[in-house]
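K.L.:
Need a 3D model of the following:
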Amino acid sequence: MDTIPPQEITLWRRLCDAYESVREQLDRDLAALADLSLSEFDVLRILNDAGGSLRMSELAEQAHASRSGLTRRVDRLERRNLVRRERVDDDRRGLKAVLTQAGERLCQELTPKYVDSLKSSALVRLNDQEMSSIVGMLERIRGPLS
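P.N.:
Now for the predicted structure:
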């Protein structure tokens, strides 16, 4: 059986720890601001960036969610009138998620606060050169996997 060198295990754990630390802080901040989770805000942000609507399958892919996980997120957002589902015109079985006016307003209101939260939770600790180096390394790690 192959073993993983300790340095690789440490790298993996540090990546996971860093991601979880930032994610948890953003989750807390968004919950306090608007009673939204980070994953729910991501759905609003992705829809907003896509012009207001996406097929559910595309949204699941962009949100890094399973279809069932995305369905639960959209259900919660739909109950709050932030998103609605509509049939896709050329596909009777297809559904798309559509950002409502309330969802668009909330997304636009929260985005600057989300950016501030992100900066204060992690990015403030890194200078431009460090960020550039980390981005380059992460792209090399991700490259062959996608």
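K.L.:
buried stuff in the helix or strand in which Cys16 is found?
P.N.:
Using DSSP states H and E, Cys16 sits in helix 6-34. By neighbour count on 16 or more other CB atoms under 10 Å, the buried set for helix 6-34 is 22, 25-27, 29-30, 34. Backbone N, C-alpha and C define where each C-beta goes, glycine included.
K.L.:
Does anything pack onto it? Which helices or strands?
P.N.:
helix 38-49, helix 101-121 (3 or more CB pairs under 8 Å, 6 or more residues apart in numbering; DSSP states H and E).
K.L.:
residues in contact with the residue most central in space within the chain?
P.N.:
The residue lying closest to the centre of the chain (CA atoms, centre = their mean) is Asp42, at 4.0 Å. Applying CB atoms under 8 Å, 6 or more residues apart in numbering, we find Asp42 in contact with Ala63.
K.L.:
Return the distance of it relative to Leu36.
P.N.:
Applying CB to CB, to the nearest Å, the value for Asp42 to Leu36 is 10 Å.
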